[in-house]
Structure formats: C-alpha cells, structure tokens
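> Predicted model and sequence follow; I will ask about them next.
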Amino acid sequence: MAAVHDTIVAGAFQGWTPGFYDKNDRYYVPSKDVDVSKFKDFSLRSHDPMLGMTVYDQGALNSCVANANALAYWYELRKATNKTLEVDGPSRFFLWWNALEGDLTDGYAKRGPLQNTGTWNRHAMKILNRIGVCSDAMQHYPPSPAQTKMTKDQYSKFIQDTLAQKPEDKCYDQAETHKIGAYFRLDADRAIDTGRQSRSVDEMNAVGEICLDNVKRCLLDEHPVVLAFRFYWESIPWDKSTGEIWSLPNLWAGKDGQPPLVQSRHTPPAQNHGGHAVIAIGYDDKIQRILCQNSWGSGTRSFPSKGGLFWMPYDWVKDFAATNDFWTCRLEDSDNFKSMSEEEINQRVQNKIKEMTGH
C-alpha cells in the first residue's frame with residue numbers, strides 16, 4: 001500500500017546546532033556483554049513505563065536539545081535510584097538557559113544576550129555534568145503562546161525577558177545534587193570540523209555502520225541515546241505507512257515514480273532548514289528503523305503520531321549529513337567506562353571497511 005504523507009513545518013521546531021570537535025570528548029565503547037544478534041527489536045518503554053508518560057512539548061521555544069537531554073537524565077535517574085526529582089522531573093528551562101549561557105562563554109561561540117535559539121547536545125551534557133539540573137517545580141518551563149493568549153510580538157518579548165533572568169541561587173543549590181557522572185559520544189567521526197570532507201565514501205559508510213551498531217548496543221544496555229537530525233524540507237513529509245507511529249521518509253528512495261529527494265548518500269540539505277534533537281529509545285530490525293521520542297507533544301494537532309514517537313530509518317542514522325551529535329550519559333563515572341583514542345577509532349573504521357568491502 002502506498003504511503004500517505006502529512007506535513008509539519010520544519011522551521012517551527014528548530015533548536016539543534018551542530019557541535020564542533022572537542023579533544024576532551026570521551027567516545028562510547030559498547031559493552032562486550034551485549035549481543036545485538038539476539039535482539040531483533042527493543043524498546044526502553046517496556047523497561048520504564050514512566051518514559052511513555054513523559055512526553056514533552058517544547059512549544060514555541062527552540063529548546064529541543066534541553067528537552068531530549070532532560071528526558072535522558074530523568075530516565076537514568078529513575079533507572080538507577082528509583083527517584084523522580086519531584087513529580088515533574090528535571091527543569092528543561094534551567095538546562096536550556098545554562099546551555100545557552102555556555103554557548104556565549106565558549107571561545108568558538110556567538111556572544112550577546114540570550115535568545116530563543118538552539119544549542120548543541122554536548123553543552124547540555126556538559127551542564128548536566130558540571131552544574132546539574134534542578135526540578136521543574138523549582139524552575140518552570142514557560143507557558144505556550146496559546147496558554148498566555150499573547151500576540152506573537154508580546155510572546156517574543158515575554159520569552160526574551162524570561163531569558164534575561166538568571167535562575168535563582170536555590171535552583172543551582174538543588175542542581176548540585178542532581179548531576180551526571182559521565183557522558184560519551186557515539187559518533188566520534190562526525191563532529192563538523194574533523195575533516196569529514198576528505199573522507200572517502202567507504203569510510204563514511206563504515207562510520208555510519210559503527211554508529212548504528214553503537215546506538216543499538218547502548219539501547220540494549222538499557223540507556224537512551226540523544227541524537228539530532230537535519231531537516232531536508234520546509235515541511236516534513238511524514239511517512240504514515242508504518243501505522244500509528246509515523247516515520248521520517250527514506251531520503252534516498254523515490255516514491256510513486258518521483259525521484260529521491262537526495263541523490264547520493266552523505267549529502268547535506270540544499271538549504272539550511274535547521275535541525276532537531278530527539279531521544280532514541282528503541283529499534284526494530286524488521287522495519288529497519290530506530291524508535292525516537294519527540295518533544296512536540298502527543299496526539300497534538302502539530303504532531304498526531306502516537307505517543308509522541310516516530311520512526312527513523314536506519315539509513316538516516318548511518319548517513320554523515322542526515323544525523324549527527326549522538327550522546328549517552330551515566331549517573332556515575334567509573335574506571336570500567338573505557339574510551340577510545342582517535343587512532344583506535346580510525347583503526348576501527350578501517351577494519352569495518354574491510355568487513356564491508358572484503359578488501
């Protein structure tokens with residue numbers, strides 16, 4: 001049966017910025033105890049029902065990074081301690097505000113007053129590690145335009161005024177006791193200034209396969225993965241052939257006799273329509289897709305897909321340009337958490353090329 005498509009304007013939900021290379025990044029090393037071949041599908045919701053009850057709606061704010069990272073932290077907190085950080089969980093606004101503030105103080109970032117703009121996943125993870133996060137009850141997320149009944153201009157000024165106010169000291173006091181101990185990047189070779197333009201197609205394909213394998217192993221180890229994807233359209237042409245949970249379309253396969261939107265792999269969008277951060281919570285080999293939890297509400301007019309979820313084809317995960325910035329966090333650091341050097345990463349890529357091509 002042919003797929004039916006609905007559209008959602010991409011520009012209304014931007015909020016992710018591609019992260020730069022950082023020599024201090026720790027790279028994810030999968031557990032050798034996890035055997036991906038034994039699990040053809042998996043979902044963290046089956047292990048934590050609360051996850052399905054925690055569907056964020058970022059509203060009109062470009063705060064998807066804070067939403068995704070807050071949800072990842074809250075899952076880790078419940079999993080490790082059975083604590084919930086009060087009823088409403090971590091403060092997404094506190095995390096967003098401090099991540100934006102971090103953008104202004106890092107040497108390679110813009111400077112000026114905080115704006116309703118996006119940030120990158122590393123900064124959110126860094127805030128969770130160094131500053132922590134208070135509860136939403138202590139630092140509320142701003143109401144939506146519909147809730148305030150303000151005009152567009154009035155709401156923009158309201159958000160600007162809200163961003164101009166640093167969270168109170170009591171928020172930082174509480175955040176001190178709610179931190180992560182470690183965070184790791186799963187797509188080590190995809191930072192935007194690591195020379196990817198000079199990589200061969202074989203190398204990019206190998207990095208993509210490694211990234212997908214990392215995501216699946218991390219999920220099977222019962223840890224979510226924060227990631228980001230780019231918009232290739234002004235309006236997202238959702239593929240509804242997957243049922244109540246919609247799917248991003250396959251960029252590299254035409255539909256109904258139409259040519260594909262993207263002619264070749266690892267090709268960035270022709271125009272910059274922004275990007276969006278989400279959290280991966282499962283996968284299904286049968287339909288070749290990662291299960292992602294969004295921050296656009298559940299069953300809303302803007303995002304009717306069931307449970308605030310959507311599917312992302314494996315080919316998206318494996319593509320250098322379509323996705324980026326994959327991270328996972330842990331509440332406690334440990335000597336058992338190994339990382340990889342750049343030399344080890346490059347060797348792993350070369351080994352994967354040999355495995356895929358036979359030479």
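Arrived safely.
> Least confident secondary structure element in this structure?
In the chain, no helix or strand scores lower on mean pLDDT, DSSP states H and E than strand 5-9, which sits at a mean of 39.
> List the contacts of stretch 331-348.
26-27, 29, 76-77, 80-81, 180-182, 184, 188-189, 210, 330 (C-beta atoms under 8 Å, 6 or more residues apart in numbering). Heads up, the C-betas are built off the backbone N, CA and C, glycines and all.
> hang on, I meant stretch 21-31
In this structure, residues lying in contact with stretch 21-31 by C-beta under 8 Å, 6+ apart are 122, 182-186, 188, 191-194, 213-214, 217-218, 221, 328, 337-340, 345.
> so where is the stretch 101-250 of the chain shaky, pLDDT-wise?
103-112, 191-198 (pLDDT under 70).
> Where do the strands of it begin and end?
Applying DSSP state E, counting those that start in this stretch to the stretch 101-250 of the chain gives strands spanning 182-185, 225-230, 235-239.
> So which bits of the last one are buried?
Burial within strand 235-239, assessed by neighbour count using 16 or more other C-beta atoms under 10 Å, is assigned to 236, 237, 238, 239.
> where along the stretch 51-200 of the chain do the helices fall?
With DSSP state H, counting those that start in this stretch as the definition, the stretch 51-200 of the chain shows helices at residue ranges 64-81, 92-105, 121-130, 145-148, 152-163, 169-175.
> name the helices or strands packed onto the third one?
What that stands for is helix 121-130. Under the contact definition 3 or more C-beta pairs under 8 Å, 6 or more residues apart in numbering; DSSP states H and E, helix 121-130 sits against helix 64-81, helix 92-105, strand 182-185, strand 225-230, strand 323-330.
> Of all those, which one is nearest residue 357?
Closest to residue 357 of the helices and strands packed on helix 121-130, according to C-beta to C-beta: strand 323-330, at 22.7 Å.
> buried stuff in that closest one?
323, 324, 325, 326, 327, 328, 329.
> what's the neighbour count on the closest residue to the first one other than its chain neighbours?
Think residue 323. Counting by C-beta to C-beta, 6 or more residues apart in numbering, residue 229 is the residue found nearest to residue 323 once chain neighbours are left out, at 4.8 Å. Residues lying near residue 229 (other C-beta atoms under 10 Å) number 21.
> Which strand runs longest in this protein?
strand 275-284 (DSSP state E).
> mind checking how far that one is from the chain centre?
6 Å (C-alpha atoms, centre = their mean, to the nearest Å).
> Would you mind identifying the next helix or strand past that strand?
Using DSSP states H and E, the helix or strand that follows strand 275-284 in sequence is strand 289-293.
> Partner strands of that next one, with direction?
If you go by DSSP bridges, strand 289-293 pairs up with strand 275-284 (antiparallel), strand 309-313 (antiparallel).
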